[in-house]
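Asks: here are the coordinates; sequence isn't available:
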């Protein structure tokens, strides 16, 4: 689909530039004339939304760093200074903090969309893998950033997460001391976390560049999951998808603004407004909502090393999804068995999130069913989806008949006769 | 092109490989300062020992002191607590090792091996699971409950319920006199 360039320089200057640095040609071919399947729906607008989220985080982050002090004695107060005294500091910080949540909300929708429409399958495996790399980098960046305000949840979240590495046999303790720069989470830890938190978004931006490059070689997948057969199946990216993306971006921004202006601490933890105290662990430690399903998996295994491996494995398994899925059909629309399995996976992740939010010994509502066991079943299904259902369903399932082409499926009369 | 390469390695091949190997070793050596700078600094390593006055601690109480930026529990146990933990057979323990820096690494986790004097339990107050601080006098074993992931310890600081894999560590310490210990 990324066929020959359609760029024609309009004047002398652009002709001159094009033969020296074809940057306008690159922009035209990727953002203007790029042939895009004409049937992309709402769920395909999250790529653009995610780019917006990354830009918001980088811009607000750079200005917050002008006021923030990465020192264990001063960090908490410097954040309060941003909130109370810095002009518009409250707005910038609330946008940045809630921006992380909106970023993860969008990325989860984007990932589930990829799983539903089979966008991870050939020829888009590298595109998918780069996406998982971005997701991993996002998780690392989000975690590092959450430590910076140096509240109780920051401190103890950092303690728990860095201790994951103490589960490594033999060298675990040395690795954690190396990560901390001491014998516990402390000032050196905070300083390096700030440095890395500033660095990683730019690494993400780089991988996003690769992700888009890898998208533009095979071109977009689409809700039908069938290949584009010719120009009758596509429309140019601009103005069709720039307009569509912009419309949904505005809706997304309204939701974002609602969170920032009306309930800025909705996703936050009150404990993080208590300064870090290395002598007192909060009653109930929970990570940010976007890590909760993985946290539930960690806690569902009674062994330390296996628990940590289960949690990291849940992300690692995503890398193999393109080869675990044996079906020749991409879109779940035409896969009667995968479709319910997929929705069960979505529900499973929400349930695991609920389990992760609650205390380890909690019961389901007031039924007396331990959440621990619900978490164990949920973990089993998550792994089962990738390791059992994806390979087996592709073999035993009879897919519904696929439409002949995108143009036919969307009812294009002008090409029906061809 | 490929057909003109002889099967026999030449002096030039050797030079290529040797240069590449020297470059790789050089890059690894150059990377080391960038890695090692993250380890604890000399100043952090220097904060090695503290003295703790035990006289204000009553039976059944515990104080928490900081040693190497970690909390250390100093607990004065009652006769009943001592009798309870001493009646536990070793086969009931999750971690059979004493984890006592004052003893050999292979010492078994009997209550006797966990203290210098039976009345005083001195342990690093960090859960061996993921590093939270266990809560004093909670849980079902007369010792500690970790609020993060539900690990439980007895009054000898031995793990009795997972996910923590090991007993609370006993730091190196010694009695200077009847009411004073030196940790580290």
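Replies: The structure has been received and is ready for your questions. The structure displayed is predicted, hence computed values, not measured ones.
Asks: quick one, domains of chain A?
Replies: If you go by automatic domain parsing, the domain ranges for chain A are A:35-281, A:286-405.
Asks: For residue B:39, which of the ones you listed is the nearest?
Replies: When those are compared by C-beta to C-beta, domain A:35-281 sits nearest residue B:39, at 5.3 Å. C-beta: built from backbone N, CA, C; applies to glycine.
Asks: and residue 72, what is it in contact with?
Replies: Since no chain was named, I'll use chain A. With contact set as C-beta atoms under 8 Å, 6 or more residues apart in numbering or on different chains, residue A:72 has these partners: A:150, A:186, A:187, A:190, A:276.
Asks: To clarify, I was referring to chain B.
Replies: Residue B:72 sits next to B:64, B:65, B:66, B:122, B:123, B:124, B:125, B:171, B:183 when contact means C-beta under 8 Å, 6+ apart.
Asks: now it, what's its secondary structure?
Replies: Recorded secondary structure, residue B:72: strand (DSSP: H, G, I helix; E, B strand; the rest coil).
Asks: Counting neighbours, what do you get for the closest residue to residue A:172 other than its chain neighbours?
Replies: Nearest in space to residue A:172, with sequence neighbours left out and distances taken as C-beta to C-beta, 6 or more residues apart in numbering or on different chains, is residue A:166 at 4.3 Å. For residue A:166, the tally of surrounding residues (other C-beta atoms under 10 Å in any protein chain shown) stands at 22.
Asks: so how far is residue A:102 from residue A:166?
Replies: Counting by C-beta to C-beta, to the nearest Å, the gap from residue A:166 to residue A:102 is 33 Å.
Asks: Now the residue in the stretch 51-200 of chain A that chain B sits nearest to: which helix or strand?
Replies: Nearest residue of the stretch 51-200 of chain A to chain B, counting by C-beta to the nearest C-beta: residue A:163, 4.0 Å away. Assessed by DSSP states H and E, residue A:163 sits inside helix A:152-163.
Asks: outside of the helix or strand just after that helix, which residues touch it?
Replies: Using DSSP H and E, the helix or strand that follows helix A:152-163 towards the C-terminus is helix A:172-180. Identification of contacts with helix A:172-180 by C-beta under 8 Å, 6+ apart yields A:162-163, A:165-166, A:168, A:183, A:186, A:188-189, B:35, B:38-40.
Asks: which ones are touching residue B:77?
Replies: So residue B:77 contacts B:59, B:60, B:118, B:119, B:120, B:121, B:155 (C-beta under 8 Å, 6+ apart).
Asks: With residue A:14 instead?
Replies: So, once contact is read as C-beta under 8 Å, 6+ apart, residue A:14 ends up touching residue A:24.
Asks: how close does it get to residue A:76?
Replies: Counting by C-beta to C-beta - residue A:14 and residue A:76 are separated by 53 Å.
Asks: How about residue A:363?
Replies: Distance, residue A:363 to residue A:76, using C-beta to C-beta: 35 Å.
Asks: For those two, indicate the residue with more neighbours.
Replies: Neighbour count, other C-beta under 10 Å: between residue A:363 and residue A:76, residue A:76 has more, with 23 against 14.
Asks: and the more buried one, what are its phi and psi?
Replies: phi -60, psi -50 (degrees, to the nearest 10).
Asks: all strands of the chain, in order?
Replies: Just going to use chain A. With DSSP state E as the criterion, chain A has strands at A:35-37, A:234-236.
Asks: My question was about chain B, not that one.
Replies: Under DSSP E, chain B gives strands at B:50-53, B:62-67, B:70-76, B:120-124, B:135-136, B:142-145, B:152-154, B:159-161, B:173-177, B:180-183.
Asks: pLDDT averaged over the third one - what is it?
Replies: What that stands for is strand B:70-76. Average pLDDT, strand B:70-76: 89.
Asks: who does that strand pair up with?
Replies: strand B:62-67 (antiparallel), strand B:120-124 (antiparallel) (DSSP bridges).
Asks: Need these in CSV (columns: mean pLDDT and mean neighbour count).
Replies: Shown next, in CSV, are the strands paired with strand B:70-76 (pLDDT from 0 to 100; neighbours: other C-beta atoms under 10 Å in any protein chain shown):
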stretch, mean pLDDT, mean neighbour count
strand B:62-67, 88, 16
strand B:120-124, 89, 23
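Asks: Show me the one of these that comes nearest residue A:332.
Replies: Using C-beta to C-beta, the strands paired with strand B:70-76 put strand B:120-124 closest to residue A:332, at 51.4 Å.
Asks: Need the residues that contact the closest one.
Replies: B:54, B:67, B:70-77, B:114-116, B:155-157, B:168-171, B:173, B:181, B:183.
Asks: cool, and stretch A:76-83?
Replies: Stretch A:76-83 is contacted from outside by A:64, A:67-69, A:89-90, A:92-93, A:148-151, A:275-276, using C-beta under 8 Å, 6+ apart.
Asks: Between all of those, which two are at the greatest distance?
Replies: Maximum distance among the contacts of stretch A:76-83 (C-beta to C-beta): 22.3 Å, for A:92 and A:276.
Asks: Compare those two (neighbour count), which wins?
Replies: residue A:276 (23 against 20).
Asks: show me the contacts for the more buried one.
Replies: Shown in contact with residue A:276 (C-beta under 8 Å, 6+ apart): A:72, A:76, A:150, A:151, A:152, A:154, A:155.
Asks: CSV for those residues, including pLDDT?
Replies: Below are the contacts of residue A:276 laid out as CSV (pLDDT from 0 to 100):
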residue, pLDDT
A:72, 93
A:76, 96
A:150, 96
A:151, 94
A:152, 93
A:154, 93
A:155, 94
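Asks: Next, give me the two most distant ones among the residues you listed.
Replies: Pairwise distances across the contacts of residue A:276 peak at 13.3 Å for A:72 and A:152 (criterion: C-beta to C-beta).
Asks: picking that back up, and which of the contacts of residue B:72 is nearest to chain A?
Replies: Distances from chain A to the contacts of residue B:72, taken by C-beta to the nearest C-beta, are shortest for residue B:64, at 6.0 Å.
Asks: What residues sit buried inside the lengthiest helix in chain A?
Replies: Looking across chain A with DSSP state H, the single longest helix is helix A:187-216. By neighbour count on 16 or more other C-beta atoms under 10 Å in any protein chain shown, the buried set for helix A:187-216 is A:187-190, A:192-194, A:197-198, A:200-201, A:204, A:208, A:211, A:214-216.
Asks: For chain B, tell me which of those show up nearby.
Replies: When contact is defined as C-beta under 8 Å from any C-beta of the partner chain, the buried residues of helix A:187-216 meet chain B at A:188, A:192.
Asks: Neighbours of residue 74, how many?
Replies: Defaulting to chain A. By other C-beta under 10 Å, 15 other residues sit near residue A:74.
Asks: To clarify, I was referring to chain B.
Replies: Around residue B:74 there are 21 residues (other C-beta under 10 Å).
Asks: Just the pLDDT for residue 172.
Replies: Using chain A here. pLDDT recorded at residue A:172 is 88.
Asks: wrong chain, I was asking about chain B
Replies: pLDDT, residue B:172: 88.
Asks: Against residue B:184, how distant is it?
Replies: Distance from residue B:172 to residue B:184, by C-beta to C-beta: 6 Å.
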